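Undergrad: Okay, sequence plus prediction incoming.
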Amino acid sequence: MSKNDQATAAAPPGSAVVVTGQDAGRVAFAAFVGTALEWYDYFLFGTAAAIVFNRLYFTTLDPAAATLAAFATFGVGFAARPVGALIFGWLGDRIGRRPALLITVVMIGAATGLIGLLPGYEAIGVAAPLLLVLLRLLQGIAVGGEWGGAVTLAVEHAPPGRRERYAALPQVGSPVGTLMSSGVFALVLLLPSESFDAWGWRIPFLLAFPLLIVAVYIRRRVEESPLFDEMLKQDERAKVPALEVFRTAWGRLLVAMASAVLGVGGFYILTTFMISYGADTLGLSRTLMVNGTLVAAVVEIAVILVVGRMAERLGAGRVTFWGGLATAALAFPVFWMVDTRNPVLVVLAMALGIAFLSVAYAVSGALLAELFPARLRYSGVALAYNLAGALTGFLPFAATALLDVGGGASWPAALLLMGLSLITALGGFLGQRMRVKDNVVAA
């Protein structure tokens, strides 16, 4: 750890901030609900990129090139997320966590709903894929500020020693969002193919509008972070938080990014890429592959809740380390099981892969939040998570392109998953030794 990082690790001066378990539970639940709705919107795009956009928005390309183009559009959202981290990190560390989260939920809900209204290539030509990319950019910018803010708010309301369990609740928003998006897609896939292509696929996106109303209502009821309120009183806010992160906490930023890459990039290898690989390369039913993500999401919820409690005794960094190693060991067996084309083994493989990956993901929020002091926390967490996302968001694209290298075999994708897992294990090992203690006490 550098001298700058050691200086950054000091807790902020001033009187201790009092937090209560009752407030922590209420705020963490609100963060979970809002995050679930946000991820529902975001994950819809991944599923649609695998089974819809390649056919309706990139119709002038051959099937393989169209799939690559759809996944490239999917990756654009990840490239935009660091921009959102800069914008909303500044807003969250200077103006407040709560207003930043209100803006992000409105942006992503509106962008997602508009995708459901967007005409296809046959109707408006090249404007269709261009507008699709634009809406995906808006989604990415909004999500760039969402997760970091939700985790920061949950952690800063939690009593010492219990942060892991409350930080795990926003993490549950990811599998719940997956469950919702995959579930709705599984229902519309029951429609005749002509009806699905004509209007059925739009229904999950249009549902974003009523869900947006729910999300705004929930976010308006969330209280501001007590640590941020104390920073306002003491005038301890950073003038340009992101600049200070890069200048004084760059070592922490790198460790945080490493610990997060598996939960972001690995997840999309086992969902977005896996759906496309199973359906387009192995000839498996799209319905089977989407249903596999449903089963995996249910398993992930259980793993996150259990591991969140365990991490209070073991430490988030240690859990991340062992979760990364376990996922690396399972990377090749998961793809071997899918390659059998046996429906039971395919679903089991997706569930096992997501379960092992979720061990590290369950504690990612707690680990990242405690790698940065409160005055830089929103920016630091958002930048780390979303830079990791930007670096790994094109992995479905890369894994698809590498299928040719492997002669259609899955080993390149398995190798990618193993590499991400080992990087995250290293991040957990280092992160456990660099965590910050806030000046808070439980009521």
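TA: Right, received. Where do you want to start? Numbers count the residues shown, from 1 in each chain.
Undergrad: now the stretch 201-350 of the chain, which segments are flagged as low pLDDT?
TA: For the stretch 201-350 of the chain, no stretch has pLDDT under 70.
Undergrad: the helices in it, which residues?
TA: Ranges of helices in the stretch 201-350 of the chain, per DSSP state H, counting those that start in this stretch, are 202-206, 208-220, 226-234, 241-248, 250-261, 267-268, 274-276, 286-314, 316-339, 343-362.
Undergrad: quick one: buried residues of the third one?
TA: Using 16 or more other C-beta atoms under 10 Å as the test for burial, helix 226-234 gives 226-228, 230-231. Every residue, glycine included, has its C-beta placed from N, CA and C.
Undergrad: repeat for the first one
TA: Across helix 202-206, burial judged by 16+ other C-beta under 10 Å covers 202, 204-205.
Undergrad: just checking, what packs against that helix?
TA: Packed against helix 202-206 by the contact rule (3 or more C-beta pairs under 8 Å, 6 or more residues apart in numbering; DSSP states H and E) you find helix 21-51, helix 97-115, helix 163-188.
Undergrad: hmm, try it at 6 Å
TA: Counting contacts by 3 or more C-beta pairs under 6 Å, 6 or more residues apart in numbering; DSSP states H and E, helix 202-206 is packed against helix 163-188.
Undergrad: if you average pLDDT over the helix or strand following the helix it packs on, what comes out?
TA: Once the chain leaves helix 163-188, the next helix or strand it forms, by DSSP states H and E, is helix 193-195. For helix 193-195, the mean per-residue pLDDT is 88.
Undergrad: what about helix 193-195, distance to the chain center?
TA: Helix 193-195 sits 31 Å away from the centroid of its parent chain (C-alpha atoms, centre = their mean, to the nearest Å).
Undergrad: Check stretch 185-200 too.
TA: Taking C-alpha atoms, centre = their mean, one finds stretch 185-200 lying 27 Å from the centre of the chain it belongs to.
Undergrad: Would you mind listing the buried residues in that stretch?
TA: For stretch 185-200, burial by neighbour count (16+ other C-beta under 10 Å) applies to 185-186, 189, 196, 200.
Undergrad: Skipping adjacent residues, who's closest to residue 288 in space?
TA: Excluding the flanking residues, the one nearest residue 288 by C-beta to C-beta, 6 or more residues apart in numbering is residue 343, at 5.7 Å.
Undergrad: What number of residues are in the vicinity of that neighbour?
TA: By the criterion of other C-beta atoms under 10 Å, residue 343 has 14 neighbours.
Undergrad: Give me the distance between the residue nearest the centre of the chain and residue 192.
TA: The residue lying closest to the centre of the chain (C-alpha atoms, centre = their mean) is residue 264, at 5.5 Å. As judged by C-beta to C-beta, to the nearest Å, residue 264 and residue 192 stand 36 Å apart.
Undergrad: Equivalent analysis for residue 179, please.
TA: According to C-beta to C-beta, residue 179 and residue 192 sit 25 Å apart.
Undergrad: now swap in residue 50 and tell me
TA: Computed as C-beta to C-beta, the residue 50 to residue 192 distance reads 20 Å.
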